[in-house]
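Undergrad: Sequence and predicted structure, then a few things I'm wondering about:
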Amino acid sequence: MAQQANDGLGVVPASGKRTGTVIIQIVILAMIAAFLGLRLYSVLGRRAEHEEEPVPTRFDQPESAPRNPALPQPRAAQPVRPAGLEGALPAVERGVREIAAVDKRFDISGFVDGAKAAYGMVLEAFWRGDRETLQELCDDDVYAGFEAAISAREVAGETLENRLVRIEDAVIDMAELVGKTARVTVRFVADISAVTRDKDGNVVAGSLTDAVETRDLWTFKRDVRETDPHWLLDETDEG
C-alpha cells in the first residue's frame with residue numbers, strides 16, 4: 001500500500017532517476033560535440049579555403065601590381081640586326097625592308113658579301129684597264145667615267161700597280177626603293193697599296209709597302225622585276 005501511495009504522489013523511482021540523468025548527460029555531450037564541430041569547421045574550413053587560393057610570390061605578381069623601381073626589370077629580347085646594318089639609321093633599315101618585301105630573294109648578308117666582292121672586282125678591273133669586266137659590272141655613266149680615266153692613263157703611258165690589301169668594313173649607308181628600282185649604298189673602308197709608274201717604269205706616285213686607308217661610297221642598283229639577280233654599280237663617291 002505504501003508503494004502505491006508513493007506512486008500516487010508522483011515520486012519517481014530510483015531507476016527512473018538514473019535514466020533521466022543519463023539522458024541529460026547525453027544531451028550535454030551532444031551539445032558539446034556540436035560546439036566543438038562548429039569550432040573545428042570554422043578553423044579547418046577557412047584554412048581549406050585559403051589553401052585553395054594561389055599564394056602570389058615575387059615571381060608571380062598580378063599584372064596590375066606596380067613594379068618596384070628599385071629592382072632590375074627584365075629586358076625584352078632585342079632583335080639582332082644582320083651584318084651590314086650595324087649603326088645604320090632607321091630610314092636605312094626601312095628601305096632594306098621595302099626592298100625585301102618586293103624581292104623575296106634579297107638577303108642583306110648575301111648582298112653585303114656580294115658588294116664586297118664587286119668592290120674588289122671593279123677596282124682590279126680598273127687598275128688593269130679591263131674595260132670588258134667594267135662594262136659588265138657598271139651602268140653606262142659609271143663605266144664612261146672609268147673608261148675615260150683608263151684612256152687618259154694610256155695616253156700618258158702610265159700603269160698602276162695597286163693592290164687591295166683588305167676590306168675593313170662594309171656597312172649599308174642608304175637603301176631605297178624607287179618605283180621598281182632598288183638602290184643600296186654601301187660605305188667601304190679598305191686598305192689599298194698603290195703605285196703609279198710612268199712609261200719608263202719609274203715610280204711617280206704611291207708605295208707598295210705603305211697601304212692607305214680608303215673610304216668609298218658605292219651605290220648599287222637593280223630592277224626588282226628582272227630575273228637577273230645581279231646588281232650594277234650605279235654611282236661612286238668618296239666617303
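TA: Looks like it arrived, so ask away. Numbering: from 1, shown residues only.

Undergrad: can you tell me which strand in this protein is longest?
TA: As assigned by DSSP state E, the longest strand anywhere in the chain is strand 203-223.

Undergrad: partners of it in the sheet?
TA: Applying DSSP bridges to the sheet, strand 203-223 is found paired with strand 181-197 (antiparallel), strand 232-238 (antiparallel).

Undergrad: which of the ones you listed is buried the deepest?
TA: Mean neighbour count, computed with mean count of other CB atoms under 10 Å, is highest for strand 181-197 among the strands paired with strand 203-223, reaching a mean of 19. From N, CA and C alone the C-beta is placed, and that goes for glycine too.

Undergrad: for it, what is the average pLDDT?
TA: The average pLDDT for strand 181-197 rounds to 96.

Undergrad: what does stretch 223-231 give?
TA: Stretch 223-231 comes out at a mean pLDDT of 91.

Undergrad: Run through who's touching that stretch.
TA: Residues outside stretch 223-231 that contact it (CB atoms under 8 Å, 6 or more residues apart in numbering) are 99, 102-103, 105, 111, 114-115, 118, 177, 180-182, 184, 220-222.

Undergrad: buried sites along it?
TA: Residues of stretch 223-231 classed as buried by neighbour count (16 or more other CB atoms under 10 Å): 224, 231.

Undergrad: CA atoms only: put stretch 176-192 into PDB for me.
TA: C-alpha atoms of stretch 176-192 as PDB (Å, rounded to 0.1, in the frame of the first residue of the first chain):
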ATOM      1  CA  GLU A 176      65.600  52.900-101.100                       C
ATOM      2  CA  LEU A 177      63.000  51.500-103.500                       C
ATOM      3  CA  VAL A 178      62.200  54.000-106.300                       C
ATOM      4  CA  GLY A 179      59.400  52.500-108.300                       C
ATOM      5  CA  LYS A 180      60.700  49.100-109.300                       C
ATOM      6  CA  THR A 181      64.400  50.000-108.900                       C
ATOM      7  CA  ALA A 182      66.200  49.100-105.700                       C
ATOM      8  CA  ARG A 183      69.200  51.300-104.800                       C
ATOM      9  CA  VAL A 184      71.600  50.500-102.000                       C
ATOM     10  CA  THR A 185      74.600  52.500-101.000                       C
ATOM     11  CA  VAL A 186      77.500  50.700 -99.200                       C
ATOM     12  CA  ARG A 187      80.200  52.500 -97.200                       C
ATOM     13  CA  PHE A 188      83.500  50.700 -97.700                       C
ATOM     14  CA  VAL A 189      86.600  51.200 -95.500                       C
ATOM     15  CA  ALA A 190      89.600  49.500 -97.100                       C
ATOM     16  CA  ASP A 191      93.400  49.400 -97.100                       C
ATOM     17  CA  ILE A 192      94.900  49.800-100.600                       C
END
